[in-house]
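# attaching a predicted model along with its sequence, questions to come.
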Amino acid sequence: MLKKVNKYKSIILLSFITIVLSSCAYSFTGSSVPNHLKTIAIPFAVDRSGSGEPNMADNFTSTLIEKFISDNSLAITDKSKSDALLDCTINSISESPNIIQGGETVSTIRLTINARVIYKDFVMKKTVFEKSFSDYADYSNTGDVYTNRNNAITEAIEKLSEEILLAVVSDW
């Protein structure tokens, strides 16, 4: 009798593990970069945000290039030698209160950066996509607000660059 109960427990346990593992399956809908694309040019981003951030376009461009170098799907090269082009324009940077505490004091501000990206395939002579990307970071409105804001800009640029990289290497 005890042997029969253990057998049922084993079957139930095995069924439970099978259900859990099958529900954890990873799904990846995109595909990788086409074989005809080996190199990409990423010219300096244009900053049309009007924010007055002196290094934002340079930081955006260098962060994006670093992401592509780390990813290693496409080699970075000059526009004249490249198979593809990634043309980026920072259109806006906005800030809005995110968390308001008692007494209507803004404790956290959300900083959002919007960029327009055009991705061209020079080999197939077509525009792969032209779309807007947006990402944000929150910063504390207390203490060293200037440093907090700069850190938020860096974080938003990191997220935005990651989003753009993923769109280029997996949205085919």
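Happy to help now that I have it.

# using CSV, write out every CA atom in stretch 121-138.
C-alpha atoms of stretch 121-138 as CSV (Å, rounded to 0.1, in the frame of the first residue of the first chain):
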residue,chain,number,x,y,z
ASP,A,121,20.5,48.7,-45.3
PHE,A,122,23.0,49.9,-48.0
VAL,A,123,23.4,46.4,-49.5
MET,A,124,19.7,46.0,-50.2
LYS,A,125,19.3,49.7,-50.8
LYS,A,126,16.4,50.1,-48.4
THR,A,127,15.3,51.7,-45.1
VAL,A,128,14.8,48.9,-42.6
PHE,A,129,13.0,51.2,-40.1
GLU,A,130,12.5,54.8,-39.2
LYS,A,131,11.0,55.0,-35.8
SER,A,132,11.0,56.8,-32.5
PHE,A,133,12.5,55.5,-29.3
SER,A,134,11.9,56.8,-25.8
ASP,A,135,13.2,55.9,-22.4
TYR,A,136,13.5,57.4,-19.0
ALA,A,137,15.2,57.5,-15.6
ASP,A,138,14.1,58.9,-12.3
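
# pLDDT on that stretch, on average?
For stretch 121-138, the mean pLDDT works out to 96.

# quick one: that stretch to chain centroid distance?
Stretch 121-138 sits 12 Å away from the centroid of its parent chain (Cα atoms, centre = their mean, to the nearest Å).

# report the buried residues of it.
By 16 or more other Cβ atoms under 10 Å, the buried positions in stretch 121-138 come out as 121, 122, 128, 133, 135, 136, 137, 138. Any C-beta I mention is one placed from the backbone N, CA and C, and that applies to glycine too.

# can you show me the helices along this structure?
Counting by DSSP state H, one finds helices in the chain at the ranges 2-23, 56-71, 145-170.

# any idea which of those scores lowest on pLDDT?
Lowest mean pLDDT of the helices of the chain: helix 2-23, a mean of 58.

# among the buried residues of stretch 121-138, which lie within strands?
If you go by DSSP state E, these have 121, 128, 133, 135, 136, 137, 138 in strands.

# and which of these is nearest to residue 153?
Proximity of those to residue 153 (Cβ to Cβ) peaks at residue 137, which lies at 7.4 Å.

# for that closest one, give its distance to residue 117.
Distance, residue 137 to residue 117, by Cβ to Cβ, to the nearest Å: 19 Å.

# kindly report the same for residue 47.
On the measure of Cβ to Cβ, residue 47 and residue 117 end up 14 Å apart.

# overlap in contacts, those two.
Counting by Cβ atoms under 8 Å, 6 or more residues apart in numbering, the common neighbours of residue 47 and residue 117 are residue 89.
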